[in-house]
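> how would this look folded up:
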Amino acid sequence: MKKRYAVVGLLALLSIITFLDRMAIAVTGTSIQKDLNIGAEQWGWILGAYVIAYAVFEIPSGAMGDAHGYRRELTRITIWWSVFTAATAVCRNFWQLMGARFLFGLGAAGAYPNMSGVLYRWLPARERARGQGVIWAASRFGGALAPLLLVPINKYFGWHAVFIALGAIGFCWAIAWRSWFRDRPADQPGIAPEEVADIGSDDSGSHLGTPWRRLLGLPQLWLITAAYFFYAFGSWFFFGWFPTWMVKGAHFTEAEMGLYGAIPFLLGVVGNLAGGVLCDRLATRIGIRRAYKIIASICLTLTAILLVALSLAATKTAVVLLSGSAFMVMDLMLPSAWAMCMAIGGRYGGTASGVMNTAGNIGGFVCSVAFGHVVASTGNYALPLQGVAVMVLVAAGIFTLVDCTKGFDHKIAPEKDLVAA
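As a prediction, the model looks like this:
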C-alpha cells in the first residue's frame, strides 16, 4: 500500500476520534443536565464555551503546524484535548463543566487545519479534494458512532465513563502518530522513490514563519471566511443541539435519539465521499474556480430548504428523513470548501484553513448560545432552526463570489491550467 494512503487512514482515524469527543457532550447532554441541574440557557453556554475556545486557538495552531511541522502539532493537539475530555468526567457543576469544555476547545483547535496541511504536502493536487472527502467522511462516521456507542455506555456506566474512555483512546492515537509519521514524504521510512515523485516536491515544508500581511491581505480568504461563518450555523446545530432538539423538540425518546440520531452522520459519510469525487471530477472538466463554488452554493441552498422543512415536520419519520437529507446535502459541499481554502492558502494552507475554521467556530458559538436563548425565552424549537436555515442560505450566496484561483500562490494563467488534474 502506498504510504500516502496510510497517512490519510491515520488522519481519518483521528477525525473519527475528534467527532466522538466533540459529540459526547451532546449525546450525554440530557443526562448531564438532569444530574447537574443545568437549564437550556446554561446548556447553550456550555456548548458555546468549547466552540469559542476552539476559535481562539485555531489560527495559532494552524500556523504552528505550518511553521514547526504537523507531526509535533497534531501530537500536542490530541494529548491536550484528551486530557480535558477525561477531565469532564470529574465536573460537578455548571462552572466546572464550562471550564472543562473551554479548555477542551483550546486543545482541539487546529486539528483540521493541520490535517489540511498534511494533505497539501502528502497528496498530489489531483487527489486533495478526495483526501478532504475521506477526512470529513470519517468525522461524520465518528458523529454517527457517537449515539450508537456512547448512549449504551451512558446508560449502563454513566456519563462519566464516556469521557474517561474517550480520553484514553486519544492518548493511544497520539502515540501511534508520533512514532510513525514524518512531515516530509521523502523522510518517511519505507516510501518508494516513485511515490515521492508522484506526490511532487514541496520546498516549503520547513519555512520559518507565516507572511501574515500577504496572507491576510487576500480578498478571497476573507470571502470564504465569511461564507464559512454562516455555513457553520447549520453544521453546529447538528453537532450541538440536534440530540436535545430530537428529544425535547421532536419528542423522541433517548433510546430513539440514540438510534435515529446517527442517521444524519451516516449519510454525511456518503455526502463527503461523493462530494470529494464530484469535486475532483468536475474540476477536471470546468476548472477549480467554477467547480468548487458551484458545488458549495447549490448544496447549501438545498440545505436551507430542507432545514425549513425539518422545522415544520409533523412526524418522526419526516424528522429522520429530512434531517438525514439536510446533513448529507450540506456535507456534499464540505470537500469543495476545504479544497477551495487549500488552493487559496497554497503552501500556507494550514494557516488559511485555520482562519476559515475560526470563523466557522465563531458562527458555531453564536448559533449554540442564540439557540439556547431562543428556546429558553419562547419554548419553541422550530423558530431557532428556521433562523439557522437563513444563515445557511446567506453562506450559499457568498460562496458564489469566491475565486479560489486568486490565492497565495496565484499565477496569471489560463483557466485550463487551473484544473485539478
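> ok, for Asp183, nearest residue in space, not its chain neighbours?
Gly69 (4.5 Å; C-beta to C-beta, 6 or more residues apart in numbering). For the C-beta atoms, the positions are set from N, CA and C on the backbone; glycine is no exception.
> Now the phi/psi pair for that neighbour, please.
With angles defined as degrees, to the nearest 10, Gly69 sits at phi 110, psi 140.
> Would you agree it is in contact with Arg182?
No: using C-beta atoms under 8 Å, Gly69 is not in contact with Arg182, being 9.0 Å away.
> Same drill for the two, tell me which one is more crowded.
When Gly69 and Arg182 are compared for neighbours, Gly69 comes out ahead with 20 against 16, by other C-beta atoms under 10 Å.
> and the gap between that one and Thr18?
Using C-beta to C-beta, to the nearest Å, we find Gly69 at a distance of 20 Å from Thr18.
> Please point out which parts of the one helix or strand Leu97 maps to sit buried.
Leu97 belongs to helix 94-108 when assigned by DSSP states H and E. Across helix 94-108, burial judged by 16 or more other C-beta atoms under 10 Å covers 94, 97-108.
> so which of the residues you listed comes closest to Val51?
Nearest to Val51 out of these is Gly105 (C-beta to C-beta; 6.6 Å).
> list the contacts for the closest one?
Neighbouring residues of Gly105 by C-beta atoms under 8 Å, 6 or more residues apart in numbering: Ala49, Tyr50, Val51, Ile52, Ala53, Tyr54, Val56, Phe57.
> which strands and helices sit next to the helix or strand containing Ala296?
Element membership of Ala296, judged by DSSP H and E, is helix 288-311. Counting contacts by 3 or more C-beta pairs under 8 Å, 6 or more residues apart in numbering; DSSP states H and E, helix 288-311 packs against helix 219-236, helix 263-286, helix 316-332, helix 334-345, helix 382-399.
> What's the local residue count around Thr284?
Thr284: 13 neighbours (other C-beta under 10 Å).
> Kindly report the same for Glu73.
25.
> Leaving out the residues flanking it, which one is nearest to it?
Closest residue in space to Glu73, ignoring its immediate chain neighbours: Gly65 at 3.9 Å, by C-beta to C-beta, 6+ apart.
> That neighbour against Gly117, yeah?
Yes: Gly65 is within contact range of Gly117, at 5.3 Å (criterion: C-beta under 8 Å).
> shared neighbours, the two?
Counting by C-beta under 8 Å, 6+ apart, the contacts common to Gly65 and Gly117 are Gly350.
> Pull up the gap between the residue nearest to Glu73 and Leu278, please.
For Gly65, the distance to Leu278 equals 28 Å [C-beta to C-beta].
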